[in-house]
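A.B. asks: have a look; sequence and predicted model below, questions after that.
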Amino acid sequence: MKKPTGKHILIVDDAMDIQSLLEQFFSEEGYTVSKSSNGYEALRFLQSTPQLPDLILLDLMMPQMDGFQFRQLQEQDPKLASIPIVVMTADSNVHSSTIKIGAKGFLKKPFADLNTIATTVARHIAG
């Protein structure tokens, strides 16, 4: 096990297999990991947690509240607006979607490899 990074990541994705994979990977890398299955659940978590995440990994296509709706509401909340977002999507227009919601970066699904994920997160995480 690697030593703690002191960094906290929120994974927002409705695919439980992706949540589990990323949670296990980032936990082993020393991150604190929180998970939500949709944008609505993520907002509830963010509004109630004493420790805001340093980065949000955000799926765009989810039930109840998708990533676009989540990001719009996140940006309207001064407490949450500055948390950087990295988009996770299978959308072929990933560059356009990333720019549209003001994300710092993106991860294309299906994921190529865990090193790409780790590098992307390390490059964009706050602090």
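C.D. replies: Cool, got the structure.
A.B. asks: which residues touch the most centrally placed residue in the chain?
C.D. replies: Nearest to the geometric centre of the chain sits Leu57, at 1.2 Å (CA atoms, centre = their mean). If you count contacts by CB atoms under 8 Å, 6 or more residues apart in numbering, Leu57 has them with Ile9, Leu10, Ile11, Val12, Asp13, Leu22, Val86, Met88, Leu107, Val121. Just so you know, the C-beta spots here come from the backbone N, C-alpha and C atoms, and that holds for glycine as well.
A.B. asks: measure the fifth one to Ser37 for me?
C.D. replies: With the distance defined as CB to CB, to the nearest Å, Asp13 ends up 7 Å from Ser37.
A.B. asks: ok, these two, which is more surrounded?
C.D. replies: A count of neighbours by other CB atoms under 10 Å puts Asp13 above the other of Asp13 and Ser37, at 25 against 18.
A.B. asks: what's the pLDDT at the more buried one?
C.D. replies: pLDDT recorded at Asp13 is 96.
A.B. asks: ok, Ile101 next?
C.D. replies: pLDDT, Ile101: 88.
A.B. asks: what's the closest non-adjacent residue to it?
C.D. replies: Of all residues not flanking Ile101 in the chain, Arg71 sits nearest, at 4.3 Å (CB to CB, 6 or more residues apart in numbering).
A.B. asks: that neighbour touches Lys104, doesn't it?
C.D. replies: No - assessed by CB atoms under 8 Å, Arg71 is found out of contact with Lys104, at 11.8 Å.
A.B. asks: other residues contacting the longest helix along the chain?
C.D. replies: The helix that spans the most residues within the chain, counting by DSSP state H, is helix 16-28. Helix 16-28 is contacted from outside by 1-2, 9, 11, 13, 33, 35, 37, 57, 59, 88, 109, 114, 117-118, 121, using CB under 8 Å, 6+ apart.
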